[in-house]
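[1] no sequence on this one, just coordinates:
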């Protein structure tokens, strides 16, 4: 007997379970491969500069263009997910990022390589929002923070593959075999995606507004999501927390450690690996903390920003030519908290928006960190060229971007938390007066005699 769709008016949480884990894992596998492709340039920055004969600013343009396309696609992708469903968007994304990785491997010129990275960024942009939607469609809402952190953890595992596997393969077999060979992974995840992935459990079809067209649909979706303070706060939390690690891993970490700190490539690769491993460990911790205590979101986000700024400042002002190894290790461990902290942004956007607007709200939120990363990637490249590769001056741009983000978080947190409390009260009813003791909550809801 076929289960009937659940009407929007009586929407229930999805049940979760083994089938949910299996379907969600298919989507996460696509995201895993996308992150491998996204971060592959981070271990090949010096080789790319030699291959295409470019300076620091031109090298930064690879990652800048990729992130520009990624960030620019977030709202369109969110709308696509809300309107077309997860499977179609993930399938298109896998095709595009695989073609982009293969094109980057075979590009004979700088211009063609730029176009390939743009294509890769377009496909990559379609993965994470889709995975977040799978989590909300297949698992209960209380699992939302943990599923988002787990998705981020798997993505960082893809970064780990770039560092531990792609880097030595690149140095061993050369540019074309390494990048073209890695593109095969896109085909490996595409086949089970097409055959087995489903947008939602049977009987839990989305509300009609999620798939309906209608005049002004796009404008209404974006307007309604943006008007929620929680969506805007989510964007600025993501903006402020994600970019220090992203800039380090995506492009400038390896040159900084090798050229400015005088480390061997293998040692530098080990420190990049440490950032990824730290990210994975803190991802589980942050997910559990936020799942149990929502009030921890702002302290965790601001604490991460403050600690990151402190460690960067300590490395940059350290007397002498090179910072001591223990300080670099500590910096890399702390940078590992940036990814989990950025996931907190989605934990503000998620409760602020109904199910049929989750893709759009997540897309707006996800723009934040990548806009900050683009700005900082470009700033570091320009400052390196202008100062003769002075990494201390170049990396000082991190503090300017962090200060902007913190100011916006402090301004938005009050309205966002108040609005979230109002929405929760509308669903669950007002919380009992803590000054009253003894009667149960159901007793307190009864009328009091005059």
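    Ah, there it is. Nothing here was measured: the structure is a model prediction, and the numbers come from that model. Numbers count the residues shown, from 1 in each chain.
[2] what are the ranges of the strands in this structure?
    Ranges of strands within the chain: none, based on DSSP state E.
[3] Where does the prediction get shaky in it?
    Counting by pLDDT under 70, the chain shows low-confidence ranges at 1-12, 203, 206-215, 426-450.
[4] Scan it for its longest helix.
    helix 397-428 (DSSP state H).
[5] What residues of that helix count as buried?
    397-398, 401-402, 405-406, 408-409, 412-413, 416-417, 419-420, 423 (16 or more other Cβ atoms under 10 Å). Bear in mind the C-beta positions are built from the backbone N, C-alpha and C, glycine included.
[6] Mind picking the two most distant members of these?
    The distance between the two most remote of the buried residues of helix 397-428 (Cβ to Cβ) is 37.4 Å, for 397 and 423.
[7] quick one: contacts for the nearest residue to residue 116 once chain neighbours are set aside?
    Nearest in space to residue 116, with sequence neighbours left out and distances taken as Cβ to Cβ, 6 or more residues apart in numbering, is residue 103 at 3.5 Å. When contacts are counted by Cβ atoms under 8 Å, 6 or more residues apart in numbering, residue 103 touches 112, 115-116, 119-120.
[8] if I look at residue 103, how far off is residue 176?
    Per Cβ to Cβ, to the nearest Å, residue 103 is found 12 Å from residue 176.
[9] again with residue 245
    According to Cβ to Cβ, residue 245 stands 29 Å off from residue 176.
[10] The two - which one has more neighbours?
    Legend: neighbour count by other Cβ atoms under 10 Å for residue 245 and residue 176, higher for residue 245 (29 against 11).
[11] Which positions within stretch 352-366 qualify as buried?
    Neighbour-count burial for stretch 352-366 [16+ other Cβ under 10 Å]: 352-353, 355-366.
[12] unless I'm mixing things up, residue 39 is touching residue 253, no?
    No: counting by Cβ atoms under 8 Å, residue 39 stays clear of residue 253, with 10.5 Å between them.
[13] so what's residue 176 closest to, chain neighbours aside?
    Closest to residue 176 by Cβ to Cβ, 6+ apart is residue 105, at 5.3 Å.
[14] Give the full set of residues in contact with residue 341.
    237, 241-242, 286, 300-301, 304-305.
[15] Same list (these) but as JSON lines, adding neighbour count and distance to residue 391.
    Supplementary listing: the contacts of residue 341 in JSON lines, determined by neighbours: other Cβ atoms under 10 Å; distance: Cβ to Cβ, whole Å:
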{"residue": "237", "neighbour count": "35", "distance to residue 391": "27"}
{"residue": "241", "neighbour count": "31", "distance to residue 391": "22"}
{"residue": "242", "neighbour count": "27", "distance to residue 391": "21"}
{"residue": "286", "neighbour count": "29", "distance to residue 391": "29"}
{"residue": "300", "neighbour count": "23", "distance to residue 391": "29"}
{"residue": "301", "neighbour count": "29", "distance to residue 391": "27"}
{"residue": "304", "neighbour count": "26", "distance to residue 391": "23"}
{"residue": "305", "neighbour count": "22", "distance to residue 391": "21"}
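[16] Sort out for me which of the residues you listed are in helices.
    Short answer: the contacts of residue 341 in helices (DSSP H) are 237, 241-242, 286, 300-301, 304-305.
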